[in-house]
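S.K.: 3D, please:
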Amino acid sequence: MPAPWPDLQGVPAEDCQNMADVRREIDRIDRALVRILAERLTYIERAGHIKQERDTVRDEARINDVLAKVQASCARENFPFAIAEPVWRCLMDGCIAHEFEVFDEVKGARPRAKLAAQ
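M.R.: Modelled structure (predicted):
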């Protein structure tokens, strides 16, 4: 089966011979993360269309569920949850803010501001 993103195929860290190799691979991973986060955002936007009540946009139980799943994934992947947790909290806060914008636009509460290209 071909790789889903052939332009993002890399080499193992132990095969890197110098800092240029390491940085190339980190940049490759960053591109993959952006693609995955962009896909994740499409589901956040869909949630903003599906939800009927504004007070359901921020769901503390869901936030805790996501963090528990991230913690379990970190344990499986031997990745420090101390690094992942603040990243996910920031990600979720930004996504929740975006979902509020989508919800308000869809429900006619106020026009949605465009995301700034960075």
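
S.K.: what's the pLDDT at Leu115?
M.R.: Leu115 carries a pLDDT score of 59 in this model.

S.K.: any stretches of this structure with poor pLDDT?
M.R.: Residues of the chain meeting the criterion pLDDT under 70: 1-5, 110-118.

S.K.: so what does the residue of it most remote from its centre look like in phi/psi?
M.R.: Taking CA atoms, centre = their mean, the residue of the chain most remote from its mean C-alpha position is Gln17, at 30.4 Å. Backbone torsions of Gln17, given as degrees, to the nearest 10, read phi -100, psi -20.

S.K.: against Ala72, how distant is it?
M.R.: Using CB to CB, to the nearest Å, we find Gln17 at a distance of 35 Å from Ala72. Using the backbone N, CA and C atoms, a C-beta is placed for each residue, glycine as well.

S.K.: likewise for Val102?
M.R.: Distance of Val102 to Ala72, given as CB to CB: 29 Å.

S.K.: show me which of the two is the more surrounded one.
M.R.: Val102 (19 against 11; other CB atoms under 10 Å).

S.K.: which SSE is the most centrally placed residue in the chain in?
M.R.: Nearest to the mean C-alpha position of the chain, counting by CA atoms, centre = their mean, stands Leu37 at 3.7 Å. For Leu37, the host element (DSSP states H and E) is helix 19-50.
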